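S.K.: below are the sequence and a predicted model; questions follow.
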Amino acid sequence: MKFNHPVKRILLAAFCMAALLSSCKKDDGDVTETPNVGRPVTAGSSAYVTQLFSYNPAPGQLINTTGGNPDAAKNVLNGKQGLVTLGAYGGNLVLGFDHTVINRDNQDDFVIYNNAATGFAEPGVVWVMADDNRNGQPDDTWYELAGAAQNLPGYSRNYAITYARPAMATADVPWTDNRGNKGAVETNTYHQQAYYPDWITANTYTLTGTLLPSSNINDTNPTYITSNGFTFGYADSTPGGDKLDIANATDAHGNKVALKGIDFVKIQTGIAYNLGWLGELSTEVCGVADLSLVK
């Protein structure tokens, strides 16, 4: 059929343009793209996180000490020499950069500094967020970074523990979970202060997150307990620091999400475990940095 009529030629041109635009769309399968364009790096940008938005630790042996209070959480800003504990399972803090950390192709993008040692890691789950609504607050969508434990037995999302203030301040802190289990964050002779956070006024509080498997812990010899880290994807897992790739971000269903960059990081103690005389397993953080700016 020939298209010699002017109207037909216009319709054909419009059809071809639509087809061309359609052919340019990227087909990512299960990967969802987000629209974030971010805040550019400037001459004054810091390599390190500069804002603390929240510190919500679980009870633990360093809580209510210089390593486990709101001031300790602030000390992880603007460098890598701080130290804050997140307490037992679910304890977390939310930090922010003064610029968008770009998701670089085939590279790790940021690092979480820690106090892990060979044979003793306390892995924490890492979540990232882009400031999509541009209001400078971590109130958009959190995406969990997939790690080596994601497909192992014992990994599960939406695990919750409720901690209760003990009748005696310095006693063990009882807990119940959303699976009908109960236990306690046990005190030890090395740290005899109250383990329930002093600044939390409620008599109970619940922390929810992702539960990591405890299969890397060996406590068959009570005098020599080891806890090995996972090969990638978690905080306080690799001595010297854990390098992380934004490309591993996943949504609530475990599907990959194509983030162009991130502005906020949340770190959460991932394992619920009592390490005997060593106390509860609790993730520690010393600082967080954008690897593209680290000298």
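M.R.: Now that the structure is in, tell me what you want to look at.
S.K.: in contact with Ala247: list those residues for me.
M.R.: Going by CB atoms under 8 Å, 6 or more residues apart in numbering, Ala247 touches Asn103, Lys256, Ala258. Just so you know, the C-beta spots here come from the backbone N, C-alpha and C atoms, and that holds for glycine as well.
S.K.: most surrounded residue in those residues?
M.R.: Counting neighbours by other CB atoms under 10 Å, the top entry in the contacts of Ala247 is Asn103, with 21 neighbours.
S.K.: can you pull the phi and psi angles for the closest residue in space to it that isn't next to it in sequence?
M.R.: Nearest residue to Asn103, sequence neighbours excluded (CB to CB, 6 or more residues apart in numbering): Ile246, at 4.0 Å. Main-chain torsions, Ile246, degrees, to the nearest 10: phi -60, psi -30.
S.K.: could you do Phe97 as well?
M.R.: As for Phe97, its main-chain torsions (degrees, to the nearest 10) stand at phi -90, psi 160.
S.K.: number of residues surrounding it?
M.R.: Using other CB under 10 Å, Phe97 is surrounded by 27 other residues.
S.K.: then Ile63?
M.R.: By other CB under 10 Å, 30 other residues sit near Ile63.
S.K.: so for stretch 248-268, what's the average pLDDT?
M.R.: Computed over stretch 248-268, the mean pLDDT rounds to 97.
S.K.: next one: it to chain centre, how far?
M.R.: Put simply, stretch 248-268 sits 9 Å off its chain's centre (CA atoms, centre = their mean, to the nearest Å).
S.K.: alpha carbons of that stretch, in CSV - could you do that?
M.R.: The C-alpha coordinates for stretch 248-268 follow below in CSV (Å, rounded to 0.1, in the frame of the first residue of the first chain):
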residue,chain,number,x,y,z
ASN,A,248,23.1,-5.2,45.3
ALA,A,249,20.0,-3.3,46.5
THR,A,250,16.8,-5.3,46.7
ASP,A,251,13.2,-4.4,47.3
ALA,A,252,10.8,-6.0,49.9
HIS,A,253,10.4,-9.0,47.6
GLY,A,254,14.1,-9.6,47.1
ASN,A,255,14.1,-8.2,43.6
LYS,A,256,17.1,-6.2,42.4
VAL,A,257,16.6,-2.4,42.3
ALA,A,258,18.6,-0.2,40.0
LEU,A,259,19.5,2.8,42.1
LYS,A,260,21.5,5.6,40.5
GLY,A,261,22.8,6.6,43.9
ILE,A,262,22.0,6.7,47.6
ASP,A,263,21.9,9.4,50.3
PHE,A,264,21.2,7.5,53.5
VAL,A,265,22.5,4.2,55.1
LYS,A,266,20.9,2.2,57.8
ILE,A,267,22.9,-0.5,59.7
GLN,A,268,21.2,-3.2,61.8
